[in-house]
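1. Attaching a predicted model along with its sequence, questions to come.
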Amino acid sequence: MKSAIGLSLVAGALTLSNEKTNFVAQQPLIRDACPSNAIIHNEECQPLPYDSSTTSTLAFQSNTTHILHTLDESRILASQTEDFPWTFWPECFSKKGGTEPYCVFSDQTFASGRGIFIVTTQTRAYAMLEKGAFSYPETLSRARHSSHPPFYTHDFPGKGRGLVANKTLQRGDQIFASMPILITDPELYSLATPDRLALLHRGISTLPVHTQSLFWALMGRSSTGDDPVDDRITTNNFEVRIDGAMQSALIPEIAMLNHDCRPNAAYFFDEETLTHFVHAIRPILPGEEITITYVNNELDRDTRVKRLETYWGFTCACSSCTAHPDLVRESDSRLQQIVSLQETLNDWSETSAALPAVVDLLVSLIEQERLYASLSTAYKHAAEVYSSFGMRWEAVRYARLSVELTMLDKGFADQDVNEMKMMAREPATSWSWKKRVGLKGRGCGCGKTH
Ligand SMILES: C[S@@+](CC[C@H](N)C(=O)[O-])C[C@H]1O[C@@H](n2cnc3c(N)ncnc32)[C@H](O)[C@@H]1O
């Protein structure tokens with residue numbers, strides 16, 4: 001399940017300028033002070049940290065001290081290297097025992113000058129460069145922020161800022177499409193803390209000034225002297241999957257959304273365009289707060305409360321957390337039944353108890369719990385169950401419903417979306433088609449898994 005966290009500055013954030021030109025005037029001065037194969041560092045000419053004749057096989061080295069190049073030095077090093085894709089020379093640290101170092105890769109031109117920095121290994125960062133977001137910037141056009149966003153910012157007692165709809169939003173209406181200003185590798189935690197923090201602080205200082213202010217406007221959780229950069233990142237980041245690895249991405253606009261266990265908006269991350277999308281998952285009325293879930297909202301009430309307290313530092317006050325204990329018990333019992341019905345529906349063995357009535361009950365329970373994003377998977381189960389009994393039109397109906405919601409919760413090109421699109425066109429092409437026809441009693445009779 002996804003976990004999020006979020007907050008920060010509002011639309012209009014993309015009217016950022018590229019700060020690159022601010023530094024150009026300084027380059028000749030420092031360049032002239034040292035030979036061409038050296039750079040000033042700590043007021044001395046020091047050899048360039050790479051062999052400029054072999055730039056195609058650059059391997060960034062770990063720092064051995066905490067004296068990093070100044071930003072100007074790093075910018076010059078980067079600009080002296082032919083076809084160098086980053087605005088600053090990456091600073092790096094390795095964990096003890098050394099493997100590939102973790103470095104700060106920063107591109108101030110990303111997304112029309114919004115800028116981004118990535119703290120990860122060279123291998124992963126260069127793989128990200130292959131994404132359309134970097135190689136075909138026009139793919140980011142969907143992410144331009146509207147000058148009339150469908151929300152306004154409001155202060156909620158006990159929650160801080162949040163976003164409120166300023167017009168009726170229908171299911172499927174786009175609320176955000178934004179890119180991260182930073183992506184960090186969770187494996188960074190294997191570095192010594194001062195090294196990890198040095199990389200994060202360096203990263204922030206490499207962002208264009210407007211983007212830095214988006215970052216500093218983010219909410220931090222603690223007032224107890226935690227590192228201010230670290231605190232803002234951990235309070236506001238989203239987990240995203242890039243090239244098969246979990247990464248942490250910070251999208252300041254979307255981080256403004258508060259949590260609700262029964263949210264009215266769903267989100268997903270498109271890794272090709274590095275764009276985080278948020279859509280209404282049910283109608284949202286003007287004046288209503290727009291919310292997402294930070295935790296797996298199919299968990300029981302006490303577990304949700306504990307997770308929100310532990311990881312986000314607040315006491316869950318949404319209606320499903322604060323309801324009368326009798327109502328909470330009933331909700332927990334429905335959630336338990338949802339989990340157990342899902343297990344039944346995933347069972348394609350001969351003894352499976354999956355029947356159309358089972359999936360009808362699952363859909364009904366999820367509707368009762370107002371878990372609209374979870375309906376995407378329930379509809380998929382329904383399409384498959386009806387298909388497995390050769391009930392064409394019911395299968396098509398649920399496949400269509402599943403496509404609509406899965407696109408909002410998992411992404412437009414998610415594998416489930418493609419599968420359900422095919423089912424909606426022709427159920428007989430599905431692997432599940434008539435798998436359970438001829439069933440006697442509860443058994444499936446197919447003896448196959450998928
Ligand atoms: C990502 S931020 C959300 C935006 C934040 N409210 C702000 O003012 O910038 C996450 C933080 O917002 C607060 N928050 C989010 N949802 C909340 C909720 N349902 N109840 C109380 N606090 C909440 C918590 O302090 C949480 O750590």
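-> Great, that's in hand.
2. can you list the weak-confidence ranges in this structure?
-> In the predicted model, the chain carries pLDDT under 70 at residues 1-58, 64-67, 139-146, 222-225, 439-450.
3. Return the longest helix in it, judged by number of residues.
-> Secondary structure of the chain per DSSP state H: the longest helix is helix 325-345.
4. Could you pull out the buried residues of that helix?
-> For helix 325-345, the buried set under the neighbour-count rule, 16 or more other C-beta atoms under 10 Å, comprises Val328, Ser331, Asp332, Leu335, Ile338, Leu341, Gln342, Thr344, Leu345. C-betas here are computed from N, CA, C, even on glycine.
5. Then stretch 424-438?
-> Result for stretch 424-438 [16+ other C-beta under 10 Å]: buried residues Ala424, Pro427, Ser430, Ser432, Trp433, Lys435, Arg436.
6. Now tabulate these in CSV and tack on secondary structure and distance to the ligand.
-> Formatted as CSV, the buried residues of stretch 424-438 follow (DSSP: H, G, I helix; E, B strand; the rest coil; distance: C-beta to the nearest ligand atom, whole Å):
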residue, secondary structure, distance to the ligand
Ala424, helix, 36
Pro427, helix, 41
Ser430, coil, 40
Ser432, coil, 39
Trp433, coil, 44
Lys435, coil, 43
Arg436, coil, 43
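7. and Trp393, how far is that from Ala424?
-> From Trp393 across to Ala424, the span is 11 Å (C-beta to C-beta, to the nearest Å).
8. Run a quick neighbour tally on the residue in the stretch 51-200 of the chain that the ligand sits nearest to.
-> Per C-beta to the nearest ligand atom, Gly160 is where the stretch 51-200 of the chain lies closest to the ligand, at 2.6 Å. Close neighbours of Gly160, defined as other C-beta atoms under 10 Å, add up to 12.
9. what residues go with each domain of the chain?
-> 21-280, 323-429 (automatic domain parsing).
10. Looking at the ones you listed, spot the one closest to Leu299.
-> Nearest to Leu299 among the domains of the chain is domain 323-429; the distance by C-beta to C-beta comes to 7.4 Å.
11. circling back to that earlier point, biggest separation within the buried residues of stretch 424-438, which pair?
-> Ala424 and Arg436 (19.8 Å).
12. what residues does the chain put near the ligand?
-> Counting by C-beta under 6 Å from any ligand atom, the residues of the chain close to the ligand are 5-7, 158-162, 219, 221, 235-236, 255-256, 258-259, 312-314, 317-318.
13. Quick one: mark the members of these that sit in strands.
-> Gly160, Arg161, Gly162, Asn258, His259 (DSSP state E).
14. For these, name the two members farthest from one another.
-> Arg161 and His259 (13.0 Å).
15. residue contacts, Leu345?
-> Ala354, Val358, Val359, Leu362, His381, Glu384, Val385 (C-beta atoms under 8 Å, 6 or more residues apart in numbering).
16. quick one: contacts for the last one?
-> Spelled out, it's Val385. Leu345, Ala354, Leu355, Pro356, Val358, Val359, Arg436.
17. The helix or strand containing the fifth one packs against which elements?
-> By that I understand Val358. Element membership of Val358, judged by DSSP states H and E, is helix 356-369. Judged by 3 or more C-beta pairs under 8 Å, 6 or more residues apart in numbering; DSSP states H and E, helix 356-369 is in contact with helix 325-345, helix 375-388.
18. Out of those helices, which gets nearest to Cys103?
-> helix 375-388 (37.9 Å).
19. and the next element down the chain from that closest one?
-> helix 392-409.
20. on that earlier part again, need the buried residues of helix 325-345 in CSV (columns: distance to Thr406).
-> Below are the buried residues of helix 325-345 laid out as CSV (distance: C-beta to C-beta, whole Å):
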residue, distance to Thr406
Val328, 29
Ser331, 24
Asp332, 26
Leu335, 21
Ile338, 17
Leu341, 19
Gln342, 15
Thr344, 21
Leu345, 16
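21. Of these, just say which sits nearest to Leu129.
-> Gln342 (38.9 Å).
22. List phi and psi for Asp414.
-> phi -60, psi 150 (degrees, to the nearest 10).
23. List the residues that contact it.
-> Phe268, Thr406, Met407.
24. again, but for Asp409
-> Ala266, Phe268, Ile281, Ala373, Ser376.
25. Likewise for Asn258?
-> Phe156, Lys159, Gly160, Gly162, Leu163, Glu289, Thr291.
26. Let's see if you can find the most crowded of those.
-> The contacts of Asn258, ranked by neighbours (other C-beta under 10 Å): first place Leu163, 27 neighbours.
27. wouldn't that one be in contact with Ile292 here?
-> No - under the criterion of C-beta atoms under 8 Å, Leu163 is not in contact with Ile292, lying 10.1 Å apart.
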